[in-house]
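Novice: need a structure here:
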Amino acid sequence: MAYSTQTDLERYLQIDFTADPDPTVTRLLTWAQAAIDNYIGYPLAAATGIVETHSPDGAESVMLKRAPVTAITSVVEDGQTLTVDVDYVWFANGILMRGSKTGASRWTHSRNGVVVTYDAGYATIPEDVVLVSTEIAARMFTAAAARANVDPTMIGVQSISLAGSDSVKFAEAVNDVVGAAVPLSDRQRAVLDRYRREPWL
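Specialist: Next comes the predicted model:
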């Protein structure tokens, strides 16, 4: 699931694509999502049944790879299933503390000794992320259209017609060239920084 939609992109660009879904738009939105995920370090979309194995080496906490955590299905330490609020406490930001709410403990020293099954992510992508996704896709689209008007062979654009609506048709062989570099602006990084997690110390 892309973080923004074709409708978002159409409203942003003030054009209407003749096809719905348009394959070019679908690809651009997928690239935009990948750029966001790569910067943040994990996917934001909701997922269930995520399984992770950790080697906490006796630390008090384990940090899961995805957030926000919405549910913990199970935590198994050295083959023993633990009980929430008795053996561990979890937080939406992905931190699992060993021990209860009233007393801390420490995780096992065993390598790959902790296996966590959990749910995480946003059922509805936050609007500021939707905007960044739409901006990235729009920038790729307009850059492709502008460059095609100068030299269509530069990025493999086969045809372009923007009179009143769309469209740009990309050669399949160069799709990855178009989407290979998606730089983020300082403002976009500032938005996405809200969703990055600092290492737990």
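
Novice: And the strands in this structure?
Specialist: 47-54, 61-63, 69-77, 80-81, 88-90, 95-98, 114-120, 157-160, 168-170 (DSSP state E).

Novice: Select, out of these, the one closest to Gly41.
Specialist: Comparing the strands of the chain by their distance to Gly41 (Cβ to Cβ), the top pick is strand 61-63, with 11.4 Å. In short, each C-beta sits where N, CA and C put it, glycine included.

Novice: isn't Ala71 right next to Gly121, touching?
Specialist: No. Using Cβ atoms under 8 Å, Ala71 makes no contact with Gly121, being 11.0 Å away.

Novice: between those two, which one's more packed in?
Specialist: More crowded of Ala71 and Gly121, by other Cβ atoms under 10 Å: Gly121, with 18 against 11.

Novice: Spatially nearest residue to the more buried one, not counting backbone neighbours?
Specialist: Ala46 (3.8 Å; Cβ to Cβ, 6 or more residues apart in numbering).

Novice: can you tell me how far the one you found sits from Pro68?
Specialist: 9 Å (Cβ to Cβ, to the nearest Å).

Novice: what sits in contact with each of those two?
Specialist: By the contact definition Cβ atoms under 8 Å, 6 or more residues apart in numbering, Ala46 and Pro68 are jointly contacted by 120-122.

Novice: Can you give me the neighbour number for the closest residue to Leu29 other than its chain neighbours?
Specialist: Distances taken as Cβ to Cβ, 6+ apart place Ala2 nearest to Leu29, at 3.8 Å, with adjacent residues excluded. Residues near Ala2, counting by other Cβ under 10 Å, number 24.

Novice: This completes my enquiry, with thanks.
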